[in-house]
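In: using only what follows, build the 3D model:
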Amino acid sequence: MPLETIKDLMGRARAGRYALGYFESWNLESLQGVIDAAEQTRSPIIIGFNGDFLSRTERRATERLEWYAALGRAAAQSAAVPCSLIFNECPDDAWVRQAADVGFNLIMPADPAAPYEDYVQRVRAITQHAHALGVAVEGELGELPSGSDGGAAHGGAMTDPELAAKFVAATNIDLLAVSVGNVHIKLSGAQGLDLERLEQIHRRVDCPLVLHGGTGIETASLKQAIGLGVAKVNYGTYLKQRYLRAIRAALGTDEKNPHELLGIGGPADVMVTGRHAVRDAVLERIEILGCCGQA
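Out: Got it, this is the predicted structure:
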């Protein structure tokens, strides 16, 4: 089916008091695994790719954004459940604009290091460009702490409820990502959210709210957050953790025929192993969001 608009997906999610998962992909197998799980549970889904990673100048090979857009759109069109396609959290405005031009229907300019007024102006201009193409925009206010070193989360800044309302009004964004105790790249464990702060934001902001760092959010806290305006939850870290664990185990074999390990599709094929690992990881989390059976 064609890409589903964010407006329609979010409208149904808010009316039904559930959230949609954005389960991030990085290659064909991970994208297949995400959609496998969405179809198995009859769940609307947001698919997509990490704009920060793809746009980095230090990458060993330059990426062609058109390929990722075409892959995502083809996957959505053949899926049996409604899908939207996001180019997620990218600090490079040229890449964000290009993503809107080449077929993503949700884009996210994200630059926590930028001064507030600068970020407002940039997001406003990107939103005008995107809306003219029928593309939705997710903005971010506040900064998530990082747990990428495996220790205690560090850095970050909580979202200010009053400033959040001003930011949404000034930029005309469609979704707002917030920092309320959620953590980027939390490698182990889970923690609760500042639900009081989230409620204050919800009272002041009319657009749907987004939680990045879904990997490290406690289940009970996340379920409460969905009742406080959260309509989209992002997952990435634990998908890659599960994928890598499965691939490493699958490669521990004496199989000499490379075709058995790559591309033949049998029990030793590591590509299928990765796809199934992602599928199973999504199945572990998607029911929490309340979206199963909503497709």
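In: alpha carbons only for contacts and neighbour counts from here, please
Out: Noted.
In: what helix or strand does Asp8 sit in?
Out: Taking DSSP states H and E as the definition, Asp8 sits inside helix 6-16.
In: now the element after that helix, going C-ward?
Out: strand 20-23.
In: picking that back up, residues in contact with the helix holding Asp8?
Out: Around helix 6-16, the neighbours that count as contacts under Cα atoms under 8 Å, 6 or more residues apart in numbering are Ala19, Leu20, Pro44, Ser84, Asn105, Leu106, Ala136, Asp174, Pro208, Gly229, Ala231, Cys291.
In: which of those residues ranks first by neighbour count?
Out: Ala19 (32 neighbours; other Cα atoms under 10 Å).
In: which one's the longest strand in the protein?
Out: strand 83-90 (DSSP state E).
In: pull up the pairing partners for that one, direction included.
Out: The partner list of strand 83-90 in its sheet, established with DSSP bridges, is strand 45-50 (parallel), strand 106-109 (parallel).
In: point out the most buried one among these.
Out: Scoring these by mean neighbour count under mean count of other Cα atoms under 10 Å gives strand 106-109 as the most buried, with a mean of 28.
In: can you give me the helices in the stretch 101-250 of the chain?
Out: When secondary structure is read from DSSP state H, counting those that start in this stretch, the stretch 101-250 of the chain shows helices at 116-132, 161-171, 195-204, 219-226, 237-250.
In: dump those helices to JSON lines, plus mean neighbour count.
Out: Supplementary listing: the helices of the stretch 101-250 of the chain in JSON lines, determined by neighbours: other Cα atoms under 10 Å:
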{"stretch": "helix 116-132", "mean neighbour count": "17"}
{"stretch": "helix 161-171", "mean neighbour count": "17"}
{"stretch": "helix 195-204", "mean neighbour count": "17"}
{"stretch": "helix 219-226", "mean neighbour count": "18"}
{"stretch": "helix 237-250", "mean neighbour count": "17"}
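In: just send these back as a markdown table, with distance to Gly48 and mean pLDDT too.
Out: A markdown table is the format used below for those (distance: least, Cα to Cα, whole Å; pLDDT from 0 to 100):
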| stretch | distance to Gly48 | mean pLDDT |
| --- | --- | --- |
| helix 116-132 | 17 | 98 |
| helix 161-171 | 23 | 98 |
| helix 195-204 | 26 | 97 |
| helix 219-226 | 22 | 97 |
| helix 237-250 | 13 | 96 |
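In: so which of these is nearest Ala281?
Out: Comparison of the helices of the stretch 101-250 of the chain against Ala281 by Cα to Cα identifies helix 237-250 as nearest, at 6.1 Å.
In: neighbouring contacts of that closest one?
Out: Residues from elsewhere that reach helix 237-250, judged by Cα under 8 Å, 6+ apart: 23-24, 185-187, 215, 268-270, 273-275, 277-278, 281-282.
In: most surrounded residue in the residues you listed?
Out: Neighbour tally across the contacts of helix 237-250 (other Cα under 10 Å): the maximum, 32 neighbours, falls on Val278.
In: now do that residue against Phe23, distance only.
Out: Shown here: Val278 relative to Phe23, a distance of 9 Å by Cα to Cα, to the nearest Å.
In: now list whatever residues contact both of these two.
Out: Common contact partners of Val278 and Phe23 (Cα under 8 Å, 6+ apart): Val34, Leu239.
In: pLDDT weak spots in the stretch 51-200 of the chain?
Out: Within the stretch 51-200 of the chain, the stretches with pLDDT under 70 are 147-155, 185-186.
In: could you pull out the strands in the stretch 151-295 of the chain for me?
Out: Taking DSSP state E, counting those that start in this stretch as the criterion, the stretch 151-295 of the chain carries its strands at 175-178, 209-211, 230-235.
In: what is the last one packed up against?
Out: The one in question is strand 230-235. Packing contacts for strand 230-235, counted by 3 or more Cα pairs under 8 Å, 6 or more residues apart in numbering; DSSP states H and E, involve helix 6-16, strand 20-23, strand 209-211.
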